[in-house]
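Student: I'll drop the sequence and a predicted model, then ask my questions.
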Amino acid sequence: MKKKHEFTPEQLRFFMQAALQEARQALEEEEVPVGAVLVASGQIIARGHNMSERLHDATAHAEMIALTAGSEYLGSKYLNDCTLFVTLEPCAMCAAASAWARVGGLVFGASDPKKGFRQLGGSALLHPKTRLTSGILAGESQELLQAFFNSKRRDNGKPRPSKEEEDIAD
């Protein structure tokens with residue numbers, strides 16, 4: 001019998017594809033292309049994508065939008081029975097928010113070597129019972145982010161980034 005927050009490889013890809021759809025929506029809105037979905041009992045109960053530009057709110061990250069929507073949907077501030085799927089490793093703020101919400105599982109795609117929570121406090125930022133999975137469809141998440149930042153650089157007349165800068169976007 002499968003435990004809570006355990007997913008088959010197919011389910012991991014399915015839910016991460018849904019998060020990638022949210023990231024593509026963010027890209028269409030000229031936001032940093034990060035998407036998230038919140039899953040409970042094998043169903044997506046909330047979605048979110050970055051909205052910082054549209055809302056003029058630096059905290060309007062995909063994870064925050066999805067966590068808020070999920071709490072509203074369930075009528076609870078605690079999301080113990082939920083798993084958050086996000087295309088990019090959460091920042092410290094989003095990781096800490098998931099801890100306060102007691103998210104049972106966190107699955108992310110691409111790592112963020114500059115601002116990801118693992119660089120800025122590590123697993124201490126997560127709830128102790130949160131189950132962590134990383135690297136799911138990481139390549140697709142990285143491609144969206146690289147395309148976005150390369151296009152921003154072109155629009156600003158800046159040259160294409162060096163290999164070292166591209167590695168940071170990875």
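Tutor: Perfect, I can see it now.
Student: Span of stretch 24-42 from start to end?
Tutor: Distance between the two ends of stretch 24-42: 23 Å, counting by CA to CA, to the nearest Å.
Student: Quick check: buried residues in that stretch?
Tutor: Within stretch 24-42, the residues scored as buried using 16 or more other CB atoms under 10 Å are 24-27, 31-40. The way it works is simple: take the backbone N, C-alpha and C, and place the C-beta from them, glycine included.
Student: swap in stretch 133-144?
Tutor: Thr133, Ile136, Leu137, Ala138, Glu140, Ser141, Gln142, Glu143, Leu144.
Student: In CSV: the buried residues of stretch 24-42, plus pLDDT.
Tutor: CSV is the format used below for the buried residues of stretch 24-42 (pLDDT from 0 to 100):
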residue, pLDDT
Arg24, 97
Gln25, 97
Ala26, 97
Leu27, 95
Glu31, 96
Val32, 96
Pro33, 97
Val34, 98
Gly35, 98
Ala36, 98
Val37, 98
Leu38, 98
Val39, 98
Ala40, 97
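Student: about what we covered before: strands - which of the buried residues of stretch 133-144 land there?
Tutor: Thr133 (DSSP state E).
Student: Out of the buried residues of stretch 133-144, flag the one nearest to Leu74.
Tutor: Of all those, Leu74 sits closest to Thr133, with 21.8 Å by CB to CB.
Student: how far away is the closest one from Gln146?
Tutor: Thr133 sits at a distance of 23 Å from Gln146 (criterion: CB to CB, to the nearest Å).
Student: And for Leu79?
Tutor: Distance from Leu79 to Gln146, by CB to CB: 31 Å.
Student: higher neighbour count, those two?
Tutor: Set Leu79 next to Gln146 and count neighbours by other CB atoms under 10 Å: Leu79 wins out with 26 against 17.
Student: rewinding a little: export the buried residues of stretch 133-144 as TSV, with columns for pLDDT and distance to Phe117.
Tutor: Shown next, in TSV, are the buried residues of stretch 133-144 (pLDDT from 0 to 100; distance: CB to CB, whole Å):
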residue	pLDDT	distance to Phe117
Thr133	96	14
Ile136	98	16
Leu137	98	19
Ala138	97	16
Glu140	97	21
Ser141	96	16
Gln142	96	18
Glu143	95	22
Leu144	95	20
